[in-house]
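Engineer: Following is a predicted model, sequence given first.
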There are 6 protein chains.
Amino acid sequence: MKISARNVLSGTVKAVRKGTTTAHVTVELPGGQVVTAAITNESVDDLGLAPGKAAHVVVKSSDVMIAVD
Amino acid sequence: MKISARNVLSGTVKAVRKGTTTAHVTVELPGGQVVTAAITNESVDDLGLAPGKAAHVVVKSSDVMIAVD
Amino acid sequence: MKISARNVLSGTVKAVRKGTTTAHVTVELPGGQVVTAAITNESVDDLGLAPGKAAHVVVKSSDVMIAVD
Amino acid sequence: MKISARNVLSGTVKAVRKGTTTAHVTVELPGGQVVTAAITNESVDDLGLAPGKAAHVVVKSSDVMIAVD
Amino acid sequence: MKISARNVLSGTVKAVRKGTTTAHVTVELPGGQVVTAAITNESVDDLGLAPGKAAHVVVKSSDVMIAVD
Amino acid sequence: MKISARNVLSGTVKAVRKGTTTAHVTVELPGGQVVTAAITNESVDDLGLAPGKAAHVVVKSSDVMIAVD
């Protein structure tokens, strides 16, 4: 499946923390930076997410902001 | 200013392309991956965004999806 | 590629209308309802979107609201 | 109330599952496809959402992605 | 129509600026603060938005961030 | 830090309610209207959010909808 979201960054799952309905998944990118995703617990199970697994971080360009110091 | 968005990734502006109201800005992360943001033309001017400028990519964790092959 | 977004609805592209940077794509679902997506012009070209093409509408559950009359 | 979101799809509530603060509500569309919304528990109570109730799924066009196989 | 979005703030349209596909609409709130919405040109026409018109600003709680100095 | 989000509204934290992973924070604006944000529990702790604290509500213009009666 190819998706219209402009940002598809590859990385590795670092940690998965489930809440009652929402889970927080962190993915480490090649440069060492870590991205956190809030997804549903079902998605974690469906995708078989666990530390060490290869995964892509997917973000629509309209959901990305830019900041400067 | 400190913000609640979980993802604040530092990088360098690679390119800025303005439309009529919306601009597409690409930022290169340390690992070489590139993130595209769709922001308003006013924001580009307010933040003085131009190729080579240090900038942060800011994304709410609820706007991040995970995908696996 | 399998994605964490809970909503992946199959349908058929009805129309594509490009702006300067953003395009509006409408997809018809099996029940006849039509969904509009605002995506980048590059995505339209990358995905080869054109009327009649089979496509999925993808939406994160946290981006879906419910309303009642 | 009329809203700027381009996507207002009518359907019927199928299930409501509450977490600590966030609830997952599924709505069935005429074509049989099911949409999941993550909304607050307060919204579920305010809107009186329960299986069998008529409801609209509301999504901004900028929150909709398109994917192809 | 009643909607699950937690934030429905009433105000008055201050200005409408249309792009090729996307329009920027500013709404003034009672306290004098101004909110900018990026919506489609069709929505502007459908809702008859023009300076001076009473309007609500609608935002999902999951799309709101908090920042501190 | 200066951010590309068009909407940065100042107010005062009214209440903080934590769930398992997600917290609901309400902020009162000068005109008396209240905005609810769904952010992570970590963000609440990182930003030291508590009733009475000065805070900004930050929203991307593409996440703002307009409604009329």
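Structural biologist: Done, it's in.
Engineer: so A:Lys18 makes contact with A:Asp45?
Structural biologist: No: with contact defined as C-beta atoms under 8 Å, A:Lys18 does not count as touching A:Asp45 (9.4 Å). For the C-beta atoms, the positions are set from N, CA and C on the backbone; glycine is no exception.
Engineer: which strand is the longest one in chain A?
Structural biologist: strand A:7-18 (DSSP state E).
Engineer: Tell me the first helix or strand C-terminal of it.
Structural biologist: Under the assignment DSSP states H and E, the closest C-terminal helix or strand after strand A:7-18 is strand A:22-28.
Engineer: quick one: strands adjacent to that next one?
Structural biologist: When pairing is defined by DSSP bridges, strand A:22-28 lines up against strand A:7-18 (antiparallel), strand A:34-40 (antiparallel).
Engineer: Output that strand as PDB - backbone C-alpha positions only.
Structural biologist: The C-alpha trace of strand A:22-28 is given here as PDB (Å, rounded to 0.1, in the frame of the first residue of the first chain):
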ATOM      1  CA  THR A  22      -4.500   4.400  23.700                       C
ATOM      2  CA  ALA A  23      -0.800   3.200  23.500                       C
ATOM      3  CA  HIS A  24       2.400   5.300  23.300                       C
ATOM      4  CA  VAL A  25       4.900   3.900  20.900                       C
ATOM      5  CA  THR A  26       8.400   5.300  20.400                       C
ATOM      6  CA  VAL A  27      10.400   4.800  17.300                       C
ATOM      7  CA  GLU A  28      14.100   5.600  16.900                       C
END
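Engineer: list the buried ones in it?
Structural biologist: Neighbour counts over strand A:22-28 (16 or more other C-beta atoms under 10 Å in any protein chain shown) mark A:22-28 as buried.
Engineer: tell me the average confidence for that strand?
Structural biologist: Averaged across strand A:22-28, the pLDDT comes to 94.
Engineer: What are the contacting residues of that strand?
Structural biologist: A:11-17, A:34-41, A:43-44, A:49, A:55, A:57, B:61, B:66, D:19, D:22, D:38, F:20-22, F:40 (C-beta atoms under 8 Å, 6 or more residues apart in numbering or on different chains).
Engineer: Next, find the distance separating A:Val16 from D:Ile66.
Structural biologist: Note on A:Val16: its distance to D:Ile66, by C-beta to C-beta, to the nearest Å, is 28 Å.
Engineer: ok, the two, which is more surrounded?
Structural biologist: D:Ile66 (26 against 18; other C-beta atoms under 10 Å in any protein chain shown).
Engineer: out of A:Lys18 and A:Asp45, which sits in the more crowded spot?
Structural biologist: Set A:Lys18 next to A:Asp45 and count neighbours by other C-beta under 10 Å: A:Lys18 wins out with 15 against 11.
Engineer: Just grab the bridge partners of that one for me.
Structural biologist: A:Lys18 has these beta-bridge partners by DSSP bridges: A:Ala23.
Engineer: who touches it in this structure?
Structural biologist: Here A:Lys18 is in contact with A:41, A:44, F:21 (C-beta under 8 Å, 6+ apart).
Engineer: out of these, who's nearest chain E?
Structural biologist: Nearest to chain E among the contacts of A:Lys18, counting by C-beta to the nearest C-beta, is F:Thr21 at 12.4 Å.
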